[in-house]
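Enquirer: fold the following and give me the result.
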Amino acid sequence: MIKNYLKIAWRNIIRHKAYSGINVFGLAIGIAACLLILQYVSFELSYENFQGNKDRIYRVQQDRYDNGKLSTQWAAGAFAVGNSFKNAIPEIEDYVKVVQQGQVITEVNHQPLKIDKVFYASSSFFNIFTYPLVAGNKKTALTEPFTVALSETIARKIFGNTNVIGKTIELNHKRTYTITAVYKDAPVNTQLKPDILLSYVTFINLQAQNNNTPETAWQWDGCLTYVLLQKGANPAAVEKKFPPVVGKAVGADMKKFNASVTYLLQPLKDIHLYSHYMMEPGTNGDGKTVYLLLGIAFFIVIIAWVNYINLATARAITRAREVGVRKAIGSQRKQLIVQFLSESAVLNGLALVLALSIVLIAIPGFNNLSGQQLSFSLFIKSNFWLGLIALFITGVFFSGLYPAFVLSGFKPIEVLKGKMSGTRQSTWLRKSLVVFQFAASLFLLIGTLIVYRQIQYMRKQPLGINIEQTLVVTSPIVRVDSTFLQKITTLKKELSQESSVRNIAVSTSIPGEAVGWNAGGIKLVGTDESTQKQYRVIGVDYDFIKTYGLKIIAGREFSKEFGTDDHAVIFNRKGIEQLGFNKPEEALGKKIDFWGEQYTIAGVSENFHQQSLRESYEPLILRCIPDVHGYMSVKVNPSQASQTVDRVKSAWSKFFPGNTFEYFFLDDHFDEQYKADQRFGQVFSLFTGLAILVACLGLFGLASFITLQRTKEIGIRKVLGASVASILNLLYREFALLLFIAFIIATPVAWFSASNWLQGYAFRINIHWIYFVFPFIFIIAIALVTVSFQAIKAALANPVKSLRTE
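Expert: Residues are numbered from 1 along each chain as shown. All right, here's what the predicted structure looks like:
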């Protein structure tokens, strides 16, 4: 029986090739788009799934407040948190402290090797996290001072193999570390991807040499603290136990400064998509983007299924006689339902095969577009095939069930007498589904336009700082000593003699990245301690203002002519406002307390965008440090950029041997911040285009059948004198009305969604009416062109032939 059903289904598909082709192609595009997006979403949601304790690991996130107002949010908070909470809260089974060290250099075959992702980690690291060891003992790997664990890749780069336990490596030409473990490389889908791990006790020992005690420091931020909760522990209940511990330790001091601090637990699995705080150890994703793309995936495949429903119900009249004959010779309704579902299964099966072919071809291009790392290996994953089967079964029943019930419900006597006509219910359903299709397409098109405009707005807005033609050389790491000022001064003097070099400056931070120096406790000299605030601080040399073209709105820039500028600062406008001044001029000459020393406000700069326009202006201090260690920014002549790089490299290597020479151009570096937004916009545009294509395929098929059904009517109208234009108007009017209804539905939904998305940007476009009208006009034009092919053909047809059709 099943074989017979499939055979009949295949014959019907072959008999109506155009109808079948539209359905198969539309379904294939919808399924392929859905599969690609689902793989992207699946990857984003898979972060930290490899961790054995993923459901019990939480990161302690810190919020600091000044005068009741949120001032900073830290991924890496106070150092005293882990041990203090562990001692006071029994639900915490264990904790680990992780401190970002930055880059280090070692030597391989007498050549410098820079290692990027270096962290200090306490001894429980391998007990809490699942980083399998290739060699060593996880219980003792990080317990002793000056010991190190290497990733498998780094071990092979340095030694050529992983049999390195007990060997030593020298870092930064300063200290020697004993290797106690080698661990497997971290997978791609995790935030913590350490190249090497230094024992945290090493950090404690080094700080003790400077009389610092991190373990009891509540005002010293920069420590990532992860806790492992007991099985069955309630995270919300644990959070409620934090305030008493904090209050007992630092409550009186915080109150004196009119400040407060709150600690929250972040589930490890949520960090990648929902955490964008200070000192994140890696680049995170965006949960809103992921779920928006997931919604698009279902939009597209549902539009494809809707096409099937529309076309199947539109063809109901043409298949009514077939149903009548089958019922007359004894077919039961359930048999007819199975027959029509078999047709749906065959069409969905063909579409699935075609969709898999499209996915195979599209993966490399999709990876380039989205920045993902999908590979053909996804075809051997069980969850991929389970998803595919689920999509197929859902498609068969979702798209085939209603048409099957409609077609099988015809009464044989009526249809065999030719009294069958389209029911009001089926006509209403078709119109509703067309409205849904184009409302979804309009929603996506409006969203695409707004995303594009926001990205263009951010990239074209003046930054308030000149980043053009700026060559940036990263800071030297090794052999940086008391002679640094002399070396960097001589280097700048030597390079300044080059005709291609216009200006040179050194600073601790550059535009395009978060300022790493956060200074709290800053206030005007002579004011109460309750007025202390937090500021971002950039250490700069005398030439920074001139090199970057910052606009000084009051006072002056730093100058060697003033012998006291090593104790001078320049605030931005936002910083002066936070300090309590209404006019920049009022702040000039005032002194501030900065960590026990006094600094004079020499000038005030206009606000500028240190980071992308997603971020708001922050209170900023530029502090003059003549021997500042950091990035070297070189303004170059654009026509001689490549030659300048070679000359800078030659001079750099002479003054800072043993360091790797790494450089980039600042405008490219700044634009990197927008790469995720650009990729999202490109992916959004691609799938919006596919959604419109699938909707138009369905509209083309639907217009064909409706025009065919009205062939006799059109012929009569022409005989009675109707013009081609009036007939076209008759056919267009119905679809235009449906599109207008779709516009009415899509507009408020798109406005609400776009407004919500734009809230993530401190500087954003205003949502203009043109962003809704233009997509509507575009969709109208596309739809009318789609309908016109059949409409014009019907309007120009010979009425004599039209009236002979029956």
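Enquirer: quick check, C34 in contact with A297.
Expert: Yes - between C34 and A297 there is a contact under C-beta atoms under 8 Å: 4.5 Å. C-beta: built from backbone N, CA, C; applies to glycine.
Enquirer: among those two, which residue is more densely surrounded?
Expert: C34 (26 against 22; other C-beta atoms under 10 Å).
Enquirer: which parts of whichever helix or strand the more buried one is part of are buried?
Expert: Element membership for C34, per DSSP states H and E: helix 17-45. Buried residues in helix 17-45, defined by neighbour count with 16 or more other C-beta atoms under 10 Å: 19-20, 22-45.
Enquirer: I'd like the distance between I303 and K139.
Expert: 56 Å (C-beta to C-beta, to the nearest Å).
Enquirer: and those two? which has more neighbours close in?
Expert: Taking other C-beta under 10 Å, I303 and K139 do not tie; I303 has more neighbours (28 against 11).
Enquirer: correct me if wrong: that one contacts A439.
Expert: No - using C-beta under 8 Å, I303 makes no contact with A439, being 10.3 Å away.
Enquirer: the helix or strand encompassing L228 packs against which elements?
Expert: Per DSSP H and E: L228 is located in strand 221-229. Identification of packing neighbours for strand 221-229 by 3 or more C-beta pairs under 8 Å, 6 or more residues apart in numbering; DSSP states H and E yields strand 57-66, strand 77-78, helix 81-88, strand 92-108.
Enquirer: sec struct for I621, please.
Expert: Following DSSP: H, G, I helix; E, B strand; the rest coil, we place I621 in the strand state.
Enquirer: separation between it and C223?
Expert: From I621 to C223 the distance is 24 Å (C-beta to C-beta).
Enquirer: neighbour count: these two, which is higher?
Expert: Neighbour totals were compared for I621 and C223, and C223 leads with 27 against 23 (other C-beta under 10 Å).
Enquirer: quickly list what the more buried one is bridged to.
Expert: Beta bridges link C223 to G77, V99 when assigned by DSSP bridges.
Enquirer: change the start of the numbering to 704 and stick with it
Expert: Happy to do that; since the first residue is 704 now, the last one works out to C926.
Enquirer: ok, it touching N786?
Expert: No - contact criterion C-beta under 8 Å: C926 and N786 do not qualify, at 10.6 Å.
Enquirer: the bottom helix or strand of this protein by mean pLDDT?
Expert: Ranked by mean pLDDT, DSSP states H and E, the weakest helix or strand in the chain is helix 1115-1119, scoring a mean of 53.
Enquirer: contacting residues around the strand or helix carrying K1196?
Expert: Element membership for K1196 (DSSP H and E) is helix 1187-1199. Contact with helix 1187-1199 is made by 1204, 1207, 1209, 1246, 1329-1330, 1332, 1335, 1337, 1350-1351, 1354-1355, 1358-1359, as judged by C-beta atoms under 8 Å, 6 or more residues apart in numbering.
Enquirer: okay, buried residues for that helix please.
Expert: Buried residues in helix 1187-1199, defined by neighbour count with 16+ other C-beta under 10 Å: F1187, K1190, I1191, L1194, K1195, E1197, L1198.
Enquirer: pLDDT weak spots in the stretch 1104-1253 of the chain?
Expert: Counting by pLDDT under 70, the ranges of the stretch 1104-1253 of the chain that qualify are 1105-1130, 1182-1183.
Enquirer: where do the helices sit along the stretch 854-1003 of the chain?
Expert: For the stretch 854-1003 of the chain, helices defined by DSSP state H, counting those that start in this stretch occupy the ranges 855-862, 903-911, 938-942, 945-959, 974-977, 990-1017.
Enquirer: if I look at Y834, how far off is L900?
Expert: Distance of Y834 to L900, computed by C-beta to C-beta: 9 Å.
Enquirer: next one: R1326
Expert: From R1326 across to L900, the span is 33 Å (C-beta to C-beta).
Enquirer: just the contacts of helix 1187-1199: which are in helices?
Expert: Counting by DSSP state H, the contacts of helix 1187-1199 place R1350, V1351, A1354, W1355, F1358 in helices.
Enquirer: let me have those residues in CSV, extended by distance to L996 and neighbour count.
Expert: Formatted as CSV, the ones in helices among the contacts of helix 1187-1199 follow (distance: C-beta to C-beta, whole Å; neighbours: other C-beta atoms under 10 Å):
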residue, distance to L996, neighbour count
R1350, 46, 17
V1351, 42, 24
A1354, 48, 16
W1355, 43, 19
F1358, 49, 17
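Enquirer: kindly reformat those as CSV and extend each row with pLDDT.
Expert: As requested, the ones in helices among the contacts of helix 1187-1199 are exported to CSV (pLDDT from 0 to 100):
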residue, pLDDT
R1350, 92
V1351, 92
A1354, 91
W1355, 90
F1358, 90
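Enquirer: distance between stretch 990-1006 and the chain's centre?
Expert: 14 Å (C-alpha atoms, centre = their mean, to the nearest Å).
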